[in-house]
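# Give me a 3D structure for the following:
(chains A and B)
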Amino acid sequence: MNTERRTQYEIYWEILVFCKTPRSFTSIVHRCNLNSKTGQDYIEFLTLKGYLSRTVDGEKTTYIATGRGGEYIALFTRLYQTLFDSVPGFRL
Amino acid sequence: MTSTIYSHFHHELNSFFLVTLLNVVFGALAMAFGIQYIVASVLGLTYEEPLSLIRIVTAAISMVGFGLGLSWMVSSVEIMDGIDDIRNFLKENTTPVSDEITTCGIVRMIAHYRGHRKTIRTMILVCTIGGFCFLALGIISSIEFFSFSLMSGTITLNSYLLIPSVLLALSVALVSLASSFYFSKFSRAWDLREDEISRAEHELAETLGRDLE
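Residues are numbered from 1 along each chain as shown, chains lettered A, B, ... in the order given. Okay, the predicted model is just below:
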């Protein structure tokens, strides 16, 4: 959705979660609702930092989350779930 | 822990969905009121002899009310649609509820909130103003058609037909004020979460920075 605003850390998390199994570039940008240019930037960053691993098999290139990617997912999940412990919620 | 967070989050989503649904109803009623007054004003212009300034002003205000009601309803539907998408996503992934599904729902909700924060703040303001306007309208209509005798202490109702319209105006006022209250409550909760997220992002950035070195 165009009106939705995600932070870069949320997008990193979405990419890494989606890449728990090998994924192509097209499927990542499609699933994470990114355009090719920004998708390329995010994937490049994650690959450079060692959170994603690139595998080239003939003409097919796929990406998969590494162990460090898994650590990022765990940290992010813990931090976001804490929001429902530390902040008083909304109730009718 | 995950199931507690999931049920907490799911309950919040359902509550907010109900509030937005009430807003759609409020918007539709405000629109209906607008049309009702426009029609009454136009009919008055046709059948009554001179062109009265009050009727023209009433018609103009009614048209503004109709426009506000329409835009109000559209905004509410837009917010409700996003909430409904998240509810459907959670419904599709009920068993087993993983950490990722819950976190994904939270991320989608916070993104939806960021995208509509301005609209929600406007809704809080318009709901409060609209609520007091309808409250005044309901009270004025009640006073106009009830007469109270100080001597005998009796209340006389001049027309039974006006009861539904007065009740409708008062219920719209109540729904509107309640919506404003709950929107404020919802907004406060998610603003606090946004602050927490900023702190969390700092931690995430630091972690990434340490990794870089």
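# B:Glu92: neighbour count?
8 (other CB atoms under 10 Å in any protein chain shown). (Each C-beta comes from the backbone N, C-alpha and C, glycine too.)
# Any stretches of chain A with poor pLDDT?
For chain A, the stretches with pLDDT under 70 are A:1-4, A:86-87.
# Which positions in it make contact with chain B?
For chain A, the contact set with chain B under CB under 8 Å from any CB of the partner chain comprises A:1, A:3-7, A:9-10, A:13-14, A:17, A:49-50, A:68, A:72-73, A:75-77, A:79-92.
# which stretches of the chain form strands?
Let's take chain A. A:23-24, A:52-57, A:60-65 (DSSP state E).
# other chain: chain B
Secondary structure of chain B (DSSP E): strands at B:146-148, B:155-157.
# before we move on, back to that, could you dump the strands of chain A to CSV with distance to B:Val74 and mean neighbour count?
CSV is the format used below for those (distance: least, CB to CB, whole Å; neighbours: other CB atoms under 10 Å in any protein chain shown):
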stretch, distance to B:Val74, mean neighbour count
strand A:23-24, 37, 16
strand A:52-57, 41, 13
strand A:60-65, 40, 17
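# CSV for the ones you listed, including distance to B:Ser176?
CSV is the format used below for the strands of chain A (distance: least, CB to CB, whole Å):
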stretch, distance to B:Ser176
strand A:23-24, 47
strand A:52-57, 50
strand A:60-65, 48
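# list the contacts for the residue nearest the centre of chain A?
Using CA atoms, centre = their mean, the residue of chain A that lies closest to the mean C-alpha position is A:Ile15, 2.2 Å off. By CB atoms under 8 Å, 6 or more residues apart in numbering or on different chains, A:Ile15 lies in contact with A:Ile28, A:Cys32, A:Tyr42, A:Ile43, A:Leu46, A:Leu52.
# same thing but at 7 Å, please
Residues counted as contacts of A:Ile15 (CB atoms under 7 Å, 6 or more residues apart in numbering or on different chains) are A:Ile28, A:Cys32, A:Tyr42, A:Ile43, A:Leu46.
# cool, A:Tyr72 as well?
Contacts for A:Tyr72 (CB under 7 Å, 6+ apart) come out as A:Tyr12, A:Leu16, A:Tyr51.
# Below-threshold pLDDT in chain B: ranges please.
In chain B (pLDDT under 70), the answer is B:1-2, B:41, B:44-52, B:54-55, B:58, B:141-150, B:152-153, B:155-162, B:209-213.
# Can you name the residues of it that neighbour chain A?
Neighbours of chain A within chain B, by CB under 7 Å from any CB of the partner chain: B:5, B:8-9, B:12, B:15-16, B:18, B:82, B:99-100, B:102-103, B:106-107, B:111-112, B:114-116, B:182, B:185-186, B:189, B:192-193, B:196, B:200-201, B:203-204, B:207-208, B:211.
# from those residues, which ones fall inside helices?
Of the positions in these, B:5, B:8-9, B:12, B:15-16, B:18, B:82, B:99-100, B:102-103, B:106-107, B:111-112, B:114-116, B:182, B:185-186, B:189, B:192-193, B:196, B:200-201, B:203-204, B:207-208, B:211 sit in helices, assigned by DSSP state H.
# Just the buried residues of these.
The neighbour-count criterion (16 or more other CB atoms under 10 Å in any protein chain shown) marks B:5, B:8-9, B:12, B:15-16, B:82, B:99-100, B:102-103, B:106-107, B:111-112, B:114-116, B:182, B:185-186, B:189, B:193, B:196, B:200-201, B:204 among these as buried.
# for chain A, what spans make up the helices?
Taking DSSP H as the criterion, chain A contains helices spanning A:8-18, A:25-31, A:36-48, A:67-86.
# Point out the most buried one among those helices.
Highest mean neighbour count among the helices of chain A (mean count of other CB atoms under 10 Å in any protein chain shown): helix A:8-18, with a mean of 22.
# That one versus helix A:36-48: what angle between them?
Helix A:8-18 and helix A:36-48 are oriented at 70 degrees to each other (axes from the mean of the first three to the mean of the last three CA atoms, to 10 degrees).
# Work out the gap between helix A:8-18 and the centre of the chain.
Chain-centre distance of helix A:8-18: 2 Å, with CA atoms, centre = their mean, to the nearest Å.
# send the alpha carbons of that helix over as CSV?
C-alpha atoms of helix A:8-18 as CSV (Å, rounded to 0.1, in the frame of the first residue of the first chain):
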residue,chain,number,x,y,z
GLN,A,8,14.3,0.6,6.7
TYR,A,9,14.7,-1.9,9.7
GLU,A,10,11.2,-3.2,9.2
ILE,A,11,12.0,-3.7,5.5
TYR,A,12,15.2,-5.5,6.3
TRP,A,13,13.3,-7.8,8.7
GLU,A,14,10.6,-8.5,6.0
ILE,A,15,13.3,-9.4,3.5
LEU,A,16,15.2,-11.7,5.9
VAL,A,17,12.0,-13.5,7.1
PHE,A,18,11.0,-14.0,3.5
